[in-house]
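Peer 1: A structural model of the following input is requested.
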Amino acid sequence: MSSKNDMKLGVFIAAAGIVILFGKLGVFGFLGRALWPLVILIPGLFLHVLFFSRRASASVLLPAGILTVYGLLLGLCNAWGWGLMRHLWPLLLLGIAIGLYEYSLYSPGRSGRLTTTAVILGLLSVILLVFSLLGTGALYLIGAILVAAGAWLMFGRGKPGGGKKWNGGW
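Peer 2: This next block holds a predicted model:
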């Protein structure tokens, strides 16, 4: 064998040894447990890229929207605990609503009924999510945000028109 072939064979053997050692140390198992939602998210993003690069029809947007939302939701639950799904389950409906809405927005036929269905399903999802979060500490966060927004509107914005009061146009 030539020295060039020996080098290639040596690199291959060393790489095989590294893969075996990483496998025995549990690296691949950890990556599989941590990153499996990417198996759902990446195809959704890829379908979006296919459509927006004009390589696929609008029909790919329905599964693209669903897979993208589901991949994000499952990644969130995988990272911060599956107990979140008790409150975030309405986002499963939102995935379908987003897929339908994208399809209705970009499809050549543009059905108004499909858009209406997507919007109603999306609103239902948001309403169910709010009701689901009412029993958690999220209500405190919403209250704090509303208080801060009200205080900002009352005191922090400054006076419009350089401090002049609006006189109703007279």
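
Peer 1: How about the helix or strand of the chain with the lowest mean pLDDT, which residues are buried there?
Peer 2: Using mean pLDDT, DSSP states H and E, the weakest-scoring helix or strand in the chain turns out to be helix 27-35, at a mean of 77. Of all the residues in helix 27-35, not one is buried under the rule 16 or more other Cβ atoms under 10 Å. For glycine as for every other residue, the C-beta is placed from the backbone atoms N, C-alpha and C.

Peer 1: just checking, what packs against whatever helix or strand comes next after it?
Peer 2: Following helix 27-35 in sequence order, the next helix or strand is helix 38-52 (DSSP states H and E). Counting contacts by 3 or more Cβ pairs under 8 Å, 6 or more residues apart in numbering; DSSP states H and E, helix 38-52 packs against helix 61-80.

Peer 1: let's see 10 Å
Peer 2: When contacts are defined as 3 or more Cβ pairs under 10 Å, 6 or more residues apart in numbering; DSSP states H and E, helix 38-52 packs onto helix 27-35, helix 61-80, helix 91-106.

Peer 1: what does the average pLDDT come to for that helix?
Peer 2: Across helix 38-52, the average pLDDT comes to 95.

Peer 1: do the same with stretch 136-147
Peer 2: 82.

Peer 1: what helix or strand does the residue nearest to residue 136 when sequence neighbours are not counted sit in?
Peer 2: Nearest residue to residue 136, sequence neighbours excluded (Cβ to Cβ, 6 or more residues apart in numbering): residue 87, at 6.0 Å. Secondary structure from DSSP H and E places residue 87 in helix 85-88.

Peer 1: tell me what that helix is packed against?
Peer 2: helix 61-80, helix 91-106, helix 112-133.

Peer 1: got the angle for the first one vs helix 91-106?
Peer 2: Direction vectors for helix 61-80 and helix 91-106, defined by axes from the mean of the first three to the mean of the last three Cα atoms, to 10 degrees, enclose an angle of 150 degrees.

Peer 1: before we move on, back to that, just say which of the helices and strands packed on helix 38-52 is most tucked in.
Peer 2: Of the helices and strands packed on helix 38-52, the one with the most neighbours on average (mean count of other Cβ atoms under 10 Å) is helix 91-106, at a mean of 21.

Peer 1: In terms of secondary structure, what does that helix contact?
Peer 2: helix 38-52, helix 61-80, helix 85-88, helix 112-133.

Peer 1: 8 Å instead?
Peer 2: helix 61-80, helix 112-133.

Peer 1: just to revisit the earlier point, got TSV for the helices and strands packed on helix 38-52, with distance to residue 154 too?
Peer 2: Formatted as TSV, the helices and strands packed on helix 38-52 follow (distance: least, Cβ to Cβ, whole Å):
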stretch	distance to residue 154
helix 27-35	46
helix 61-80	35
helix 91-106	34
